[in-house]
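Chemist: sequence-free structure coming up:
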C-alpha cells in the first residue's frame, strides 16, 4: 500500500504527483476534516436510512489517504484499477471513496471546480417547464457561457477505433 508519510518525506515528488506541497496538503486536510465530518454525519442521519449510525462498513482508508487518492485521481488521471492496486482496494471502493469526497473537496478548495458537464443552463419557457440542457457546440458559445476564462486547453488524445465491417456480398472497394 502506498504510504502517505513516506511520500510526503519526498517533497518534490509529492508535489509533482499531487499538485500540492506537503504543507499545503496538510492545510487542505485541516480545512477538509470538519467539512467531511458534517457531510458524513448528514448522510448517516438522512431520512429513510434503515441502519442506525455506527452500523455498516467503515472506510478502510483514513481521510488523509482518501484525500491523497482523490488528488492523485484528479492530477494524474490514474484509473480506478491502478489506484486500487496502489492502495490495496477494489476499483469500486476507490471510485466510491473519490466520489463521496469530491463534493466536500470542492467546498474546501480555494477555487471551486466547474461542473463536470459542459452544458448550457436550461432556458425557462413561459409555461414553467424547462428545455433540456443543450451541449456547447463551438468555442464562441463556450466563451459566452464562461466569459472569465482566458485560456482553453483541449485534450486531443487519440483513441483506438475499430474499422467498419464489410458485410457479405458487398464490394470492399466501393
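Modeler: Cool, the structure landed. The structure presented is a predicted model; accordingly, all values stated were derived computationally and were not measured.
Chemist: poorly predicted segments of this protein, please.
Modeler: Where the chain drops to pLDDT under 70, the residues are 110-134, 172-174.
Chemist: how about the helices in it?
Modeler: 4-8, 11-18, 22-44, 63-76, 80-87, 91-108, 139-145 (DSSP state H).
Chemist: run a quick neighbour tally on residue 62.
Modeler: Neighbour count of residue 62, defined by other C-beta atoms under 10 Å: 10. C-beta coordinates here come from the backbone N, C-alpha and C atoms, glycine included.
Chemist: next one: it from residue 138, what distance?
Modeler: 45 Å (C-beta to C-beta, to the nearest Å).
Chemist: give me whichever of the helices of the chain is most buried.
Modeler: Neighbour counts (mean count of other C-beta atoms under 10 Å) averaged over each of the helices of the chain peak at helix 63-76, with a mean of 19.
Chemist: need the contact partners of that helix.
Modeler: Applying C-beta atoms under 8 Å, 6 or more residues apart in numbering, the external contacts of helix 63-76 come out as 2, 4, 7, 17-20, 25, 28-29, 32-33, 36, 59, 61, 78, 80, 83, 86-87, 94, 97-98, 101-102, 105.
Chemist: thinking again about what came up before, let's have the helices of the chain in CSV, adding distance to residue 52.
Modeler: Below are the helices of the chain laid out as CSV (distance: least, C-beta to C-beta, whole Å):
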stretch, distance to residue 52
helix 4-8, 32
helix 11-18, 36
helix 22-44, 9
helix 63-76, 22
helix 80-87, 29
helix 91-108, 20
helix 139-145, 45
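Chemist: between those helices, which gets nearest to residue 163?
Modeler: Smallest distance to residue 163 across these (C-beta to C-beta): 27.4 Å, for helix 80-87.
Chemist: same for the closest one, what does it pack against?
Modeler: helix 63-76, helix 91-108 (3 or more C-beta pairs under 8 Å, 6 or more residues apart in numbering; DSSP states H and E).
Chemist: quick one: residues in contact with it.
Modeler: Looking at helix 80-87 with C-beta under 8 Å, 6+ apart, the contacting residues turn out to be 1-2, 61, 65, 69, 72-73, 78, 89-95, 98.
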